[in-house]
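Peer 1: sequence? don't have it. structure:
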């Protein structure tokens with residue numbers, strides 16, 4: 001998932017392109033909009049339901065996808081994905097570190113092979 005602020009800062013989606021260079025990693029991009037968090041807006045009790053409604057297209061796409069886990073650069077999006085889509089979510093830098101020999105414990109945490 002590419003967070004809204006990253007869409008503005010990096011329209012070429014260089015992070016996604018970088019992940020696609022990792023050997024034996026199949027990357028599916030879910031381009032179904034925003035998670036609905038808007039930073040910490042979605043964490044507020046009065047906004048919680050609306051944040052899920054806003055994020056529902058993306059969350060539904062993630063739920064129906066075949067991916068074992070999700071990745072995003074935004075901690076607020078991570079919370080919404082894990083809660084709403086029921087997908088373990090990892091920061092892309094951790095995934096890259098694991099792919100190149102760092103963070104071996106990540107395999108157990110994320111159930112990676």
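Peer 2: In hand now; what should we look at? Just so we're clear, the structure is a prediction, and the values are computed from it rather than from any experiment.
Peer 1: what's the residue lying closest to residue 86 once chain neighbours are set aside sitting at in phi/psi?
Peer 2: Nearest residue to residue 86, sequence neighbours excluded (C-beta to C-beta, 6 or more residues apart in numbering): residue 63, at 6.6 Å. In this view, the C-beta of every residue, glycine as well, is placed from N, C-alpha and C. Here is the backbone geometry of residue 63 (degrees, to the nearest 10): phi -60, psi -40.
Peer 1: quick check: residue 63 touching residue 81?
Peer 2: No - using C-beta atoms under 8 Å, residue 63 is not in contact with residue 81, being 9.9 Å away.
Peer 1: shared neighbours, these two?
Peer 2: Here residue 63 and residue 81 share the contacting residues residue 87, scored by C-beta atoms under 8 Å, 6 or more residues apart in numbering.
Peer 1: who's more crowded, these two?
Peer 2: residue 81 (27 against 12; other C-beta atoms under 10 Å).
Peer 1: residue contacts, that one?
Peer 2: Counting by C-beta under 8 Å, 6+ apart, residue 81 has contacts 1, 35, 59, 62, 70, 72, 87, 89.
Peer 1: now the fifth one: how far from residue 44?
Peer 2: Going from residue 70 to residue 44 by C-beta to C-beta, to the nearest Å gives 23 Å.
Peer 1: who has more neighbours out of these two?
Peer 2: Neighbours of residue 70 and residue 44, each counted by other C-beta under 10 Å, are more numerous for residue 70; the result is 20 against 10.
Peer 1: wait, doesn't the more buried one sit right on residue 83?
Peer 2: No - Residue 70 is beyond contact range of residue 83, at 11.7 Å (criterion: C-beta under 8 Å).
Peer 1: run through the neighbouring helices and strands of the host helix or strand of residue 76.
Peer 2: Residue 76 is part of helix 75-80 when elements are defined by DSSP states H and E. Under the contact criterion of 3 or more C-beta pairs under 8 Å, 6 or more residues apart in numbering; DSSP states H and E, helix 75-80 touches helix 48-64.
Peer 1: good, we can wrap up now.
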